[in-house]
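> Sequence and predicted structure are below.
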Amino acid sequence: MTKCAVCGQLFALEDYRSLSSHFYNLAEKSDVEHVMWLNKNITKKKLDETALEQQMVDYFDANKDIRNWIKKRFIERFYGKRPHPFVLALQHPSKATLLGYVLEHQHFLRQRTRSCANIIAKTDQVDVTLYEIDNISTEFGGYDPERPSHYELLLRMGESLGMTRQQVLATPPLLDTKLAIKTWNEIAENDHWLETMAAMHGLELIADRNLKNEGASISYFDPAILSGNKITDATKDFLREGYEADVEHSEEALDLIAKYSSHLGIAENIQAPFLKSIHAFDNYLMARLERGKQLESA
Amino acid sequence: MFFCCEICEVEFRNMIAEVKRRTGWQTIDEIKVNGDQRQRECTAISGNRSYHFSIGFDSLGGIRIFQEKLAKL
């Protein structure tokens, strides 16, 4: 890792001693963001610098396999022993949970398009450009009436649950959605295009049903709900689209990330923005849940 | 009391204020906290009374979710 996942400070390649000193010193000063990062990713216990350095090595050493490192950290965060509460709620979702999803996810999809456009603007690789164009079309633009975008399917899901398109589009994001969007926008504007790819497309692992074969404790939702009668058809269309498309999207993105991180020699660079992104995503998923709870108690 | 960072202090103050508001208690003798950063399962104790709740905080320490678990005694 060459960057601090919190503040972006740069360190020489694999200089975990300097990185751990950086975190140690800031934790001593009770710096909020660095303390929280240590608590959530390394340990809640106070360690001496030597012990912290070893923990950092164990955490960041990808063993030359950045693709598996990304999946491992993602599964650990969202699909570990304590799966993310939003994922638990989505197993058999209530109407409120789904509407919370709609109201916050519209903002995510709009930001995602901007982030992917930034990748296109910065890269000189044709396969990356074509991948991003396809991703933007699938997620936001749509191809034709037979293949509407995820964004369009999301709005239809909201309508099927009793909320008009106008109501959805007029709803501003909750705080943690807004802060997450700010994080993704900053990564897209300031970081290398490959780092932005890792940050944005790593998130598609959330709907990758194959993660159950790689250690995930549960899947994004119980697939049985797609064939039952507990959710609307428009909801099934939206969830099914992610269920089917996101496996390919995330695998293809990981292929490109592995390829170019090797070609460019920057595998370690992408770890920090990826971690920053999944931290934002964690909070953003909680915002979806929070919105659902607000609707339930309204 | 000691906190690892100012956000935790903000969260703690907000939690205490919310519990007092909902229970009407003047003082809280003890708070037991379990769970993780996404959602805490807590029990507040005042004298021989206890109040169970779950609570979650947003990125600035504000209360995101608050759910009473059992009726207060």
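Cool, got the structure. Numbering: from 1, shown residues only, chains lettered A, B, ... in the order given.
> Mind telling me what element the most centrally placed residue in chain B is part of?
For chain B, the residue nearest the mean C-alpha position is B:M15 (3.8 Å; CA atoms, centre = their mean). Applying DSSP states H and E as the criterion places B:M15 in helix B:6-23.
> could you check whether that helix is close to chain A?
Yes. Counting by CB under 8 Å from any CB of the partner chain, chain A is contacted by helix B:6-23 at B:6-7. C-beta: built from backbone N, CA, C; applies to glycine.
> what comes up buried for that helix?
By neighbour count, and taking 16 or more other CB atoms under 10 Å in any protein chain shown as the criterion, the buried residues in helix B:6-23 are B:7-12, B:14-15, B:19, B:23.
> Wait, the residue nearest to the centre of chain B touches B:G62, no?
No. Using CB atoms under 8 Å, B:M15 is not in contact with B:G62, being 10.7 Å away.
> For chain A, what is the nearest residue in chain B?
B:C5 (4.2 Å; CB to the nearest CB).
> right, and that residue touches A:M36 too?
Yes. Contact criterion CB under 8 Å: B:C5 and A:M36 qualify, at 6.7 Å.
> Could I get the pLDDT score of the residue nearest to A:I66 when sequence neighbours are not counted?
By the measure of CB to CB, 6 or more residues apart in numbering or on different chains, the closest residue to A:I66 outside its immediate chain neighbours is A:A267, 4.4 Å from it. Here the pLDDT value assigned to A:A267 is 85.
> burial count for A:A267?
Per other CB atoms under 10 Å in any protein chain shown, the neighbour tally for A:A267 reads 23.
> what's the answer for the one 10 residues further on, then?
Counted by other CB under 10 Å, the residues lying close to A:S277 total 25.
> How about A:F60?
18.
> so what's A:K45 up against?
For A:K45, the contact set (CB atoms under 8 Å, 6 or more residues apart in numbering or on different chains) is empty.
> Quick check: it vs chain B, distance?
With distances taken as CB to the nearest CB, to the nearest Å, A:K45 is found 11 Å from chain B.
> Over to A:L194?
27 Å.
> Doesn't that residue belong to a strand?
No. Read with DSSP: H, G, I helix; E, B strand; the rest coil, A:L194 is helix and lies in no strand.
> pLDDT wise, what is it at?
Predicted confidence (pLDDT) for A:L194: 97.
> cool, the one 4 residues further on as well?
The model reports A:A198 with a pLDDT of 96.
> What of A:Y16?
With respect to pLDDT, A:Y16 scores 89.
> which element is the closest residue to chain B within the stretch 151-298 of chain A on?
Going by CB to the nearest CB, chain B is nearest to A:E290 of the stretch 151-298 of chain A, at 4.8 Å. Following DSSP H and E, one finds A:E290 within helix A:271-297.
> Sort out which residues of that helix are buried, please.
Across helix A:271-297, burial judged by 16+ other CB under 10 Å covers A:271-295.
> low-confidence ranges in the chain?
Going with chain A. Within chain A, the stretches with pLDDT under 70 are A:1, A:245-246.
> that answer is for a different chain, and I need it for chain B
For chain B, the ranges with pLDDT under 70 are B:1, B:70-73.
> run the last query once more with 50
Residue ranges of chain B with pLDDT under 50: B:73.
> And the one residue sitting closest to the centre of chain A, how close does it get to B:T23?
Among the residues of chain A, the one closest to the centroid is A:L203, at 2.9 Å (CA atoms, centre = their mean). Look at A:L203 and B:T23: by CB to CB, to the nearest Å, they are 40 Å apart.
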